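Colleague: Kindly generate the corresponding structure for this input.
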Amino acid sequence: MSYSLQVAGRSRVVVGRAVEELPRLLPAGRVIVLTDRTVARCCPELFGGCDPICMEPGEEHKTLRTVEAVCRELIRRGADRTTFLLGVGGGIVTDVTGFAASVYMRGIPFGFVSTTLLGCVDASVGGKNGVNVEGYKNMAGIFAQPRFVVCDTSLFGTLPRREIRAGLAEAVKAGIIGDEPLFGLIERSGLDGLCADAEAMDKAVVHAVRLKAAIVGRDEREHGERRKLNLGHTFGHAVEKCSRAMNHGEAVAVGMAIAARLSVGLGRLAPAACERIERLLGALGFVTEPPVPLERLLEAVTRDKKSEGDTIHVVLPTAVGACEVLPMTFEALARLVRSL
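Modeller: All right, here's what the predicted structure looks like:
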């Protein structure tokens, strides 16, 4: 069984099996596939005998240099404005695919097969495509919707358990933002339960995508409500900048715990709700304390791309299933953080 949703009226998201879905989603013309070497080795059935462009795996390769290398290879292969670029992989591959497709010849059509839980519930959905600059997350990027995204949860069996856990951080985020039943599903199932139950995993992905699709449909370019999707990311990105100890999902889990504590400190979140959030993160195996001193995180936060002058929009949970966006000066944020 597959599930289909629309994002911003232009992008179709299908939760289903890629081998079955791709033939009816791909255009009739020429298709070039971009993937990474790990996916090419683990999932050869996805490429139908074609010769994909292979980038190196890892966050350190999500850069403008990689985008340039992809564009050079598209030129070498004679890609034109009618060529369709298909990104097959996790969030790093889909980010690079969307960015490269959007700048090559001023834009060619593209789509994704998302092979990781993190990619399915967040990175590949919503039309944000960015790369890192000097270690700062997604400092160069564009808004461009893929024609389609196939979220294939059957591919998660090739993933290390740590990578599935990382994706669950973004699903927990969606639950906190506006889907308490999703949060409850993850509480009841746990990491092991979701990995063992394909139907429950599909349901979690559908819930998360549905929430994101609704928000993006109302605020595609992040002028207001879409900022809620940054819950946990202000400090999560700072953790990623300051340390290599955590992957993206682990860093976002730290960021969500910090946001919950800040919200309690401001009287916007009940202590019991904060405890529930931290309890679930702990049960999933996340560490909720940052791996570096808070002062280093605060310094990195001042370089966050979401800042405006001396102000940053901080996303704070107000309940499990609700949150708010609060503009704060860096000075006020620092005082609050130091008071924790």
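
Colleague: Residue 336 sits in which helix or strand?
Modeller: Assigned by DSSP states H and E, residue 336 belongs to helix 330-338.

Colleague: quick check: mean pLDDT across that helix?
Modeller: For helix 330-338, mean pLDDT is 93.

Colleague: Kindly report the same for stretch 86-102.
Modeller: Average pLDDT, stretch 86-102: 97.

Colleague: With stretch 23-42 instead?
Modeller: 94.

Colleague: can you give me how far stretch 54-62 is from the chain middle?
Modeller: The chain centroid and the centroid of stretch 54-62 are separated by 16 Å, computed with CA atoms, centre = their mean, to the nearest Å.

Colleague: CA atoms only: put it into CSV for me.
Modeller: Taking C-alpha atoms only, stretch 54-62 is exported to CSV below (Å, rounded to 0.1, in the frame of the first residue of the first chain):
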residue,chain,number,x,y,z
CYS,A,54,28.2,9.1,-7.5
MET,A,55,29.3,11.7,-4.9
GLU,A,56,31.1,10.8,-1.7
PRO,A,57,29.0,10.2,1.3
GLY,A,58,29.1,12.4,4.4
GLU,A,59,28.2,15.8,5.6
GLU,A,60,31.7,17.1,4.8
HIS,A,61,30.8,16.6,1.1
LYS,A,62,27.6,18.7,1.1
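
Colleague: So which elements touch the top helix by length along the chain?
Modeller: The longest helix of the chain (DSSP state H) is helix 198-218. Here helix 198-218 touches strand 3-7, strand 11-15, helix 161-178, helix 180-196, going by 3 or more CB pairs under 8 Å, 6 or more residues apart in numbering; DSSP states H and E. The way it works is simple: take the backbone N, C-alpha and C, and place the C-beta from them, glycine included.

Colleague: at 10 Å instead, please
Modeller: Contact here means 3 or more CB pairs under 10 Å, 6 or more residues apart in numbering; DSSP states H and E; on that basis helix 198-218 packs against strand 3-7, strand 11-15, helix 117-118, strand 148-151, helix 161-178, helix 180-196.

Colleague: quick one: the third one to chain centroid distance?
Modeller: Its chain's C-alpha centre and that of helix 117-118 lie 7 Å apart, by CA atoms, centre = their mean.

Colleague: now the helix or strand following it: mean pLDDT?
Modeller: Next helix or strand after helix 117-118 toward the C-terminus (DSSP H and E): strand 128-133. Mean pLDDT, computed over strand 128-133, is 96.

Colleague: hmm, back to that, distance between the longest helix of the chain and the chain's centre?
Modeller: Relative to its chain's centre, helix 198-218 lies at 13 Å (CA atoms, centre = their mean).

Colleague: Run the chain-centre distance for the very next helix or strand once past that helix.
Modeller: Going down the chain from helix 198-218, the next helix or strand is helix 233-242, by DSSP H and E. From the chain centre to the centre of helix 233-242 is a distance of 14 Å (CA atoms, centre = their mean).

Colleague: do the same with stretch 51-71
Modeller: Taking mean C-alpha positions (CA atoms, centre = their mean), stretch 51-71 and its chain are 18 Å apart.

Colleague: Pull out the buried residues from that stretch.
Modeller: By neighbour count with 16 or more other CB atoms under 10 Å, stretch 51-71 contains the buried residues 52-55, 57, 61-63, 66-67, 69-71.

Colleague: So which of those sit within strands?
Modeller: Here DSSP state E is the test, and these give 53, 54, 55 as lying in strands.

Colleague: want to try a markdown table for those residues, with pLDDT as columns?
Modeller: Converted to a markdown table, those look like this (pLDDT from 0 to 100):
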| residue | pLDDT |
| --- | --- |
| 53 | 97 |
| 54 | 97 |
| 55 | 97 |
